[in-house]
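> Attaching a predicted model along with its sequence, questions to come.
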Amino acid sequence: MALIGENLALSQPVIAIENVHLSLGQGRARVHILKGVSLEIGRGEAVGLVGPSGSGKSTLLMTMAGLEKPDSGAISINGARLTDMDEDALARFRGANIGIVFQSFHLIPTMTALENVAVPLELAGIADADRRAAAELSAVGLGERLDHYPAQLSGGEQQRVALARAMAPNPAILVADEPTGNLDETTGLSIMDLLFAMKRERGATLVLVTHDANLAARCDRRIRLRSGVIDPEHAATAKADA
Ligand code: ADP
Ligand code: MG
């Protein structure tokens, strides 16, 4: 019996999205963006989320990260239903389980690199936040930049800080929305190398929005959105036939 239980636990998807509909905007400006999206992502998988501009990639990513609330449908991370949580529970859950990296870094400009990484750890009640933040910044090659403010760092360095911040709580899932979109090609490649290396080392699950076919090809699987719907032909493409 124990064996069956363990196997079930292993096969449970880390991200389960069930028939999610989501609209944004008010009144006549309201837009139906996600139109019945269902999706399962396995533990440790790297999934590339691709599709034309405006197809709903960012919205889907923010929805699975618990930052947008669907009109209907259900989202579970590690078996916990985000869609049943109140705002406080959701914020706590996000802080402990979900790392997020944005195209435009989203660092707090009045805080140093160290503070940008340490403050979310403190808020999550983690002891020794400063020491852990310093270790995370060293791990992304910024051990000598702890007291720099974002404006004193290059774009690539800022994205490294953002990556350190996202990975510091050892989240089960990392979602990244065009993380190299504001970087030159060489810097972007080094960020992606770092992102995939951290994902591997920590056994995290990665969902990566990108319009770069080469980056999408580095993922285990690609999912294509079209007008808020998953393109069935690309719902389960193996890496080999990219
Ligand atoms: P993508 O990331 O694939 O480019 P988005 O998820 O950002 O697409 O947006 C999907 C669609 O939703 C677009 O048509 C966009 O204009 C619309 N949209 C995004 N955010 C809002 C909002 N807050 N209010 C109304 N419409 C929005
Ligand atoms: Mg987008």
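Great, that's in hand. Ligands and ions are numbered 1, 2, ... in the order given.
> Got the confidence number for Lys239?
For Lys239, the pLDDT comes out at 44.
> helices or strands up against the helix or strand containing Met198?
In this structure, Met198 sits in helix 185-202 according to DSSP states H and E. With contacts taken as 3 or more Cβ pairs under 8 Å, 6 or more residues apart in numbering; DSSP states H and E, helix 185-202 sits against helix 155-167, strand 173-177, strand 205-209. Where C-beta positions appear, they are placed from N, C-alpha and C, glycine not excepted.
> now for these, which one comes closest to Thr63?
Nearest of the helices and strands packed on helix 185-202 to Thr63, taken as Cβ to Cβ: strand 173-177 at 10.1 Å.
> ok, for Gln159, nearest residue in space, not its chain neighbours?
In space, and not counting its chain neighbours, Gln159 is closest to Ile191: 5.2 Å by Cβ to Cβ, 6 or more residues apart in numbering.
> quick one: the most centrally placed residue in the chain and ligand 1, what's the gap?
For the chain, the residue nearest the mean C-alpha position is Val175 (0.9 Å; Cα atoms, centre = their mean). From Val175 across to ligand 1, the span is 12 Å (Cβ to the nearest ligand atom, to the nearest Å).
> Also Ala166?
Distance, Ala166 to ligand 1, using Cβ to the nearest ligand atom: 19 Å.
> how far away is the closest residue to Glu18 other than its chain neighbours from Ala204?
The shortest distance from Glu18 to any non-neighbouring residue, by Cβ to Cβ, 6+ apart, is to Ala74 (4.5 Å). Distance, Ala74 to Ala204, using Cβ to Cβ, to the nearest Å: 22 Å.
> Please say which of the two ends up with more neighbours.
Ala204 (22 against 15; other Cβ atoms under 10 Å).
> Look up the closest residue to the more buried one, ignoring the ones flanking it.
Closest to Ala204 by Cβ to Cβ, 6+ apart is Leu174, at 5.0 Å.
> got a list of what the one you found touches?
Going by Cβ atoms under 8 Å, 6 or more residues apart in numbering, Leu174 touches 98-101, 166-167, 195, 198-199, 204-207.
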